[in-house]
Structures are given as C-alpha cells and as structure tokens.
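Asker: give the three-dimensional model of this entry:
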Amino acid sequence: MPKLLDQLTVDDLAAAIDSGEDLTVVDTRPAESFEAWHVPGAVNVPYHPVEGLGNGREWSDVESIVERGPVAVICGKGLSSTSFGFELSERGYDVSVVKGGMEDWSKLYDVVEVETDGDLFLAQVQRRAKGCLGYVVGDRSEREALVVDATRQHHEFELVAADAGMVTTGVVDTHVHADHLSGGRELADRLSVPYYLSAAAADRDVGYDYQPVSDGETLSVGGFDVDVLAAPGHTTDLVNLVVDGRYLLSADALFVESVGRTELELGEGGAARGAEMLYETLHDRYEPLADDVLVLPGHVSVDADGRFGVGEPGALIAASLGDLRAQLDLFALEKPAFVERITARGNEKPPNYEAVIDANRGRLALEDDEATELELGPNNCAVS
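Answerer: Numbers count the residues shown, from 1 in each chain. Sure thing, here's the model as predicted:
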C-alpha cells in the first residue's frame with residue numbers, strides 16, 4: 001500500500017516560492033491549460049489518472065524534466081496530481097501534492113497596508129493569481145470601513161476590516177467588471193449595508209438594486225471623505241475614488257504599468273470612442289489632482305507564468321500620479337496617437353469575459369462550480 005502523500009496548501013506553496021525555496025513545481029494539466037496560466041516557475045508534465053502520461057512520454061522522460069529535490073505537484077483541483085504524485089513517490093521522489101490545485105491558487109490573497117497618517121486606514125487586497133486589486137478604506141477611531149471592488153471571496157475583505165477593529169458600513173464596485181466575478185453586492189446584502197455603483201450603470205441594463213453615485217459626490221467613512229470621480233473609458237460606468245484628497249483608487253482607468261482596454265464593454269467598433277473617453281479621463285478629469293497623489297490601481301498584469309508585470313505579490317502596487325505622468329509613455333501621446341495605440345489589436349481578452357459581464361450585471365445566474373470555472377485564469381484588462 002503506497003504511503004500517504006504530504007499536502008501543501010496554496011499558502012504554503014506561495015511562501016515557498018516567495019522565499020526562493022528549492023522546490024520543483026510540476027503541473028499535470030493539459031499543455032493548453034498550462035500555457036494559458038500556471039504557478040510561477042512550474043514545469044508541465046501532462047498526466048491523466050487513467051491514461052497516464054500524455055504525448056507519448058515515458059517515465060524516463062519525466063526524470064529528465066523533474067529535479068530530484070522536493071517536488072510539489074499541482075493540477076486543476078488536486079485529482080490527477082495525486083495519482084501522479086504517487087507514481088513519483090514510488091520512484092523515490094520527495095513529493096507533496098498542492099491541496100485544491102489551481103482552483104485554490106486562484107483564490108489566494110495577500111494584504112498590504114498602505115502607510116497613512118493618523119486614523120486613516122487603507123489596505124490593498126491582492127488576488128495573487130488574477131492580479132485583482134481591491135481595497136478596504138477605514139477610519140480607525142470611528143471603526144468604520146468601506147470595501148472597494150470586492151472579489152467573489154468577499155470574506156477576505158471583511159476580515160481585513162475586522163482584523164483592524166472596524167465594521168464594514170458600505171461596499172463599492174467601481175464598475176461592472178469583465179475579468180472577475182464581483183462579490184460586492186453579496187457582501188453588502190449579507191451585512192445589510194449600502195451597495196454603491198455608478199449611476200451610469202443604469203445604461204448597462206443592470207438587473208439589481210444599488211445606490212447610484214455620480215461624479216462629484218462624496219461618501220464618508222468615519223471622518224474621512226471619499227470623493228467620486230467619473231472616469232469613463234475602460235467602461236462607460238467606471239468611477240474612481242479619491243480618498244482624503246491623497247489617494248486615487250484608479251480602478252481600471254490607470255494602472256501602474258498601463259491603462260485599461262476599451263473594447264470589453266463597447267466592442268471593437270466602439271473601442272475608439274472608449275479610447276477618446278479614457279484620454280479625457282487621464283488628461284482632463286485627472287488634471288486637478290496633484291502629482292503627489294498616490295495611484296492605487298484595480299489590477300496588476302499577470303503573465304502566463306503567474307508573475308506580476310510590476311512589483312511582487314505582498315508588496316504594494318502603487319505609484320505617484322506625477323511619476324506615471326512622466327514615465328508612462330501613453331500619457332505623452334496626443335489624442336489621435338493615443339486612440340490608435342489603445343485600439344490596436346493586443347493581448348487576449350479576459351477568459352469568458354462576456355459571461356462574466358452578464359453575471360456582474362445580474363443577468364446570468366451561476367452555480368458555485370460554474371462561477372469557479374468561469375473566472376479561472378489571469379485578468380487581461382490592460383492595454384498590452
């Protein structure tokens with residue numbers, strides 16, 4: 001009887017990768033799934049529990065790929081990797097299986113607190129595998145918090161507030177997202193607190209109730225102001241939030257390394273119109289904001305190898321607006337060149353984005369397994 005294999009949680013795996021531990025990660029999913037999205041540094045050995053190794057490989061081929069040191073095996077949900085792990089173990093390898101596989105990896109979060117003065121609390125909640133960045137804004141003394149762009153694992157955001165001694169009193173979605181399923185409305189419903197969405201979302205056939213917010217409105221979190229700034233382009237309903245006049249939650253308008261693509265809502269035929277709106281957002285709507293305002297984006301790009309396009313998981317993804325104005329080449333373009341650049345064919349669209357949009361508009365009901373499958377893979381909301 002084969003010995004039981006050790007199990008690693010995705011938190012254990014992330015810690016090992018971040019620390020540079022000598023660990024070979026073997027991904028047993030089909031090649032096309034691996035090539036689309038995988039754990040940083042992983043190698044691919046397709047394996048099926050019944051059919052065995054794929055592509056005519058023999059176990060001698062595997063030994064030329066897999067290092068002799070500790071091995072962590074991962075698949076979609078932890079099934080084929082377990083069978084593969086037993087095979088490796090019988091061949092003398094030190095093997096662990098990643099519990100929950102890539103499904104659990106897609107739900108891994110890091111929390112980074114932003115350095116602020118006084119009672120202002122601001123934390124960036126990073127969904128590592130997808131590069132989604134949400135926020136918790138709070139007043140420590142008043143013990144109130146506002147959650148911004150919660151993902152489907154919305155308890156992660158509620159826990160950030162609770163761990164800081166605050167109660168969530170409101171939830172905001174900056175727009176109808178295309179790359180991931182929002183958990184904002186569900187969190188607000190469960191806590192019986194207001195759920196805020198742009199008033200412009202009324203034109204997107206949103207099928208649920210929300211509290212509309214418009215450009216120039218102010219939401220309060222304890223003693224701090226959170227000003228609403230319309231920022232259309234990526235979508236027609238996109239809003240940004242300016243916290244205490246010093247922090248710009250820029251959502252999918254402006255990233256640290258790029259700007260938001262404009263065809264996901266408007267289609268290829270409307271992408272140029274979206275690009276024109278985005279140009280006006282960056283140059284006109286942002287014009288009153290000082291250079292020292294800290295930009296906190298809604299995403300960071302994640303490549304197929306699972307690595308952040310800028311920065312590292314667990315480190316703050318942010319930049320001053322002045323630095324982005326000076327260093328991001330898209331800021332330097334005149335409007336015609338900007339529109340041409342934005343509308344040029346670039347990277348692939350987010351997986352299943354049309355269904356994700358429909359679900360986030362409240363027009364598509366999903367079972368939990370369907371929701372998990374729908375949003376597997378990294379975001380692709382930035383212009384490449």
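
Asker: you'd agree Asp203 is up against Pro232?
Answerer: No. With contact defined as C-beta atoms under 8 Å, Asp203 does not reach Pro232; the gap is 11.0 Å. For glycine as for every other residue, the C-beta is placed from the backbone atoms N, C-alpha and C.

Asker: which of those two has more neighbours?
Answerer: Pro232 (24 against 10; other C-beta atoms under 10 Å).

Asker: now the more buried one: how far from Leu282?
Answerer: 11 Å (C-beta to C-beta, to the nearest Å).

Asker: and for Val25?
Answerer: In terms of C-beta to C-beta, Val25 sits 39 Å off from Leu282.

Asker: dump stretch 139-153 to PDB, restricted to CA.
Answerer: Extracted as PDB, the C-alpha positions of stretch 139-153 are listed here (Å, rounded to 0.1, in the frame of the first residue of the first chain):
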ATOM      1  CA  ASP A 139     -11.400  55.300  10.000                       C
ATOM      2  CA  ARG A 140      -9.700  53.500  12.900                       C
ATOM      3  CA  SER A 141     -11.100  55.800  15.600                       C
ATOM      4  CA  GLU A 142     -14.700  55.600  14.200                       C
ATOM      5  CA  ARG A 143     -14.200  51.900  13.500                       C
ATOM      6  CA  GLU A 144     -15.900  52.200  10.100                       C
ATOM      7  CA  ALA A 145     -14.700  50.700   6.800                       C
ATOM      8  CA  LEU A 146     -15.700  50.900   3.100                       C
ATOM      9  CA  VAL A 147     -14.900  47.900   0.900                       C
ATOM     10  CA  VAL A 148     -14.000  48.700  -2.700                       C
ATOM     11  CA  ASP A 149     -14.100  46.100  -5.600                       C
ATOM     12  CA  ALA A 150     -14.500  43.000  -3.500                       C
ATOM     13  CA  THR A 151     -14.000  39.800  -5.500                       C
ATOM     14  CA  ARG A 152     -16.100  36.700  -5.100                       C
ATOM     15  CA  GLN A 153     -14.200  35.700  -2.000                       C
END
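
Asker: settle it for me: which of Val25 and Leu282 has more neighbours?
Answerer: Taking other C-beta under 10 Å, Val25 and Leu282 do not tie; Leu282 has more neighbours (24 against 20).

Asker: show me the contacts for that one.
Answerer: Going by C-beta atoms under 8 Å, 6 or more residues apart in numbering, Leu282 touches 233, 253-254, 259, 330-331.

Asker: now do the SS call for it.
Answerer: Taken by DSSP: H, G, I helix; E, B strand; the rest coil, the conformation at Leu282 corresponds to helix.
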